[in-house]
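Novice: Dropping the sequence and predicted coords here.
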Amino acid sequence: MRDVAVDGETLSVEDVEAVARGGASVTVPEDAREAVRESRRRIEDILETDEPVYGVNTGFGELVQERIPRDQIEAIQRNLIRSHAAGAGESLPEDVVRAMMTTRLNALVKGYSGVRERVVDLLVGMLNEGVHPLVRSKGSLGASGDLAPLAHMTLVLVGEGEALVDGERLDGAVALERAGLEPLDLRAKEGLALINGTQLTVSLAALAVLDAERAFRAADVAGAMTTEVAKSTTASSHPRINDVRPHRGHREAAENVLALTEHSEIVQSHRNCDRVQDAYSIRCLPQVHGAVRDAVRHLRDVVSVELNSATDNPLVFDADHIDPRASGTDESAVVSGGNFHGEPLALPLDYVTSAMTELAAISERRLDRLLNPNVQEDHLPPFLTADAGLQSGYMIAQYVAADLVSTNRSEGRPSMDSAVVSGNQEDHVSMSAQSALRASDAVERTTRVVASELVCAVQALDFVESYTPGVGTKAAYECVREEVPHLDADRPIHVDIDAATELITSDRLLDAVEDALDEPLQ
């Protein structure tokens, strides 16, 4: 198992997943540690001047004008965490919590947050020893950061709240003691630095990017297989079509279909048939799947920037690097701004929710063409069961897929909403955490729709006896059949779809296909 170096500059979505889901440990390089120490020295210098600086010796939000006596500075930081731990809803999954801790750590070690190295070390220790705070999923407005969720996370750092250790639910202090870790006594600015950022949003977004990429690649596999068993043509993936409308995602999806169906006897068997055109769900696969790819790529680009950004407020800079034209700055070089605002993430997250809804919708339409006796090919039995009537086969798989598509469509666009909070001081918010939660759910539902198409396409291939499928689709068929037997009598088909979903999310399906192709899918 590899270590992930958290240096504030190079964290990738793959690194986040390695820590969050793969159990990778984290380290902080010495250069990043020195940046943390230097940033803390600037805070200590400010404390010596006794000048009012937001987040250091003032109140928060609407209470910014309240000056905090020096002997109460540590108390207000702890009070901040306690008062902001007001979240609602179910606890976040463990992988999301680990991602939050990793991304918050990465933001702190950039050296603009003013925390002590002790804070960094405790986050490292909790990640490496498996101390996972229980974090309520609801309550963030995506501006002033993901305050409530991050406060629930931070409670454990100060020996309060609750955490899971090896699956056991413990009081925060007990959890730290179990792992051999000491709780923090928060110093000036440290409480605010731990909760004022976009880490719930960006963590959900990072994991959603990877899961969405798995979903659209699996959709290419399922769609290519459906193209074969529906006796459709792959001519719609010809590169000349993309040449005159050169969207990158279109090209990638089309190349995948051609690679997956290479040497397909099924495709060759009807090359000169009298069908003029296929239905849109098959003919327009490259255009629709390609647009989804481009949407997810945009989110990946935004997330990659956000992962390595300083997103709390205020930020602590070297005074020599502050533009003197910026009003409200002084020799302290602590500058208030709005890097905590989640709008850069909220908009592309809503875009991806729309994109995944479309991917699910086109997959569900292909699924119907495999099952529906009114539109399916003559060689396929109704609902893919040899004893239709007595048996229902995979009929209800399409019902469930239709429900999942409808649910995706109902999610709305949280980034179009806002709220006014903190006595009108915080009068525009992004709702980015809602956007991230909904995008994550949309990706999960879409993956299950694609898994349903995959299961039914594999079943349909069993009724094409005279010809072999393409190199890639044959590998996908064999991979699915290792977990899902041929449906020769009615059974609870959720088990089949569960198994196919796991093949997608675990990368087993794509690994099997790419091994057969000797090259990665686009």
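Specialist: Everything's here; your move. Numbering: from 1, shown residues only.
Novice: where in the stretch 201-350 of the chain is pLDDT low?
Specialist: 272-274, 276, 319-332 (pLDDT under 70).
Novice: who touches the residue nearest in space to the middle of the chain in this structure?
Specialist: The chain has residue 208 as the residue nearest its centroid, 1.9 Å off, counting by CA atoms, centre = their mean. Contacts for residue 208 were tallied using CB atoms under 8 Å, 6 or more residues apart in numbering; they are 299, 349, 352, 436, 439, 440, 443. Backbone N, C-alpha and C define where each C-beta goes, glycine included.
Novice: And the residues you listed, which is closest to residue 190?
Specialist: residue 436 (25.4 Å; CB to CB).
Novice: nearest spatial neighbour of the closest one, skipping sequence neighbours?
Specialist: residue 204 (3.7 Å; CB to CB, 6 or more residues apart in numbering).
Novice: Please report how far the one you found lies from residue 186.
Specialist: Separation of residue 204 from residue 186 (CB to CB, to the nearest Å): 26 Å.
Novice: With residue 357 instead?
Specialist: The value you get for residue 357 to residue 186, if CB to CB is used, is 43 Å.
Novice: out of the two, which sits in the more crowded spot?
Specialist: residue 186 (26 against 21; other CB atoms under 10 Å).
Novice: Which pLDDT value does the model give that one?
Specialist: Residue 186 carries a pLDDT value of 95.
Novice: List of residues touching stretch 470-487?
Specialist: Residues from elsewhere that reach stretch 470-487 (CB under 8 Å, 6+ apart): 221-222, 224-225, 228, 259-264, 266-267, 384-385, 393-394, 454-455, 458-459, 461-462, 468-469, 493, 496, 499-500, 502-503, 508-509, 512-513, 515-517, 521.
Novice: Can you list the buried residues in that stretch?
Specialist: For stretch 470-487, burial by neighbour count (16 or more other CB atoms under 10 Å) applies to 470-477, 479-480, 483-484, 487.
Novice: Residue 180 falls within a strand, correct?
Specialist: No - under DSSP: H, G, I helix; E, B strand; the rest coil, residue 180 sits outside any strand and is assigned coil.
Novice: In contact with it: list those residues for me.
Specialist: Residue 180 makes contact with 125, 129, according to CB under 8 Å, 6+ apart.
Novice: Quickly note the distance from it to residue 409.
Specialist: 49 Å.
Novice: now swap in residue 182 and tell me
Specialist: 50 Å.
Novice: same check, this time on residue 260
Specialist: Per CB to CB, residue 260 is found 29 Å from residue 409.
Novice: Those two: which is more packed in?
Specialist: residue 260 (30 against 15).
Novice: ok, for the more buried one, nearest residue in space, not its chain neighbours?
Specialist: Excluding the flanking residues, the one nearest residue 260 by CB to CB, 6+ apart is residue 472, at 3.4 Å.
Novice: Just give me the neighbour total for residue 46.
Specialist: Neighbour count for residue 46, taken as other CB under 10 Å: 23.
Novice: what about it, helix or strand, and which?
Specialist: Element membership for residue 46, per DSSP states H and E: helix 30-49.
Novice: That helix: which residues count as buried?
Specialist: Using 16+ other CB under 10 Å as the test for burial, helix 30-49 gives 32, 33, 35, 36, 39, 40, 42, 43, 46, 47.
Novice: Let me have those residues in CSV, adding pLDDT and distance to residue 111 as columns.
Specialist: Below are the buried residues of helix 30-49 laid out as CSV (pLDDT from 0 to 100; distance: CB to CB, whole Å):
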residue, pLDDT, distance to residue 111
32, 98, 7
33, 98, 9
35, 96, 3
36, 97, 6
39, 94, 4
40, 94, 9
42, 90, 10
43, 89, 12
46, 83, 15
47, 84, 18
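Novice: between those residues, which is nearest residue 271?
Specialist: Of all the buried residues of helix 30-49, residue 271 sits closest to residue 32, with 59.1 Å by CB to CB.
Novice: so where is the stretch 351-500 of the chain shaky, pLDDT-wise?
Specialist: For the stretch 351-500 of the chain, counting by pLDDT under 70, the residues that fall below are 415-430.
Novice: what about the helices in it?
Specialist: Applying DSSP state H, counting those that start in this stretch to the stretch 351-500 of the chain gives helices spanning 395-409, 432-461, 471-481, 494-505.
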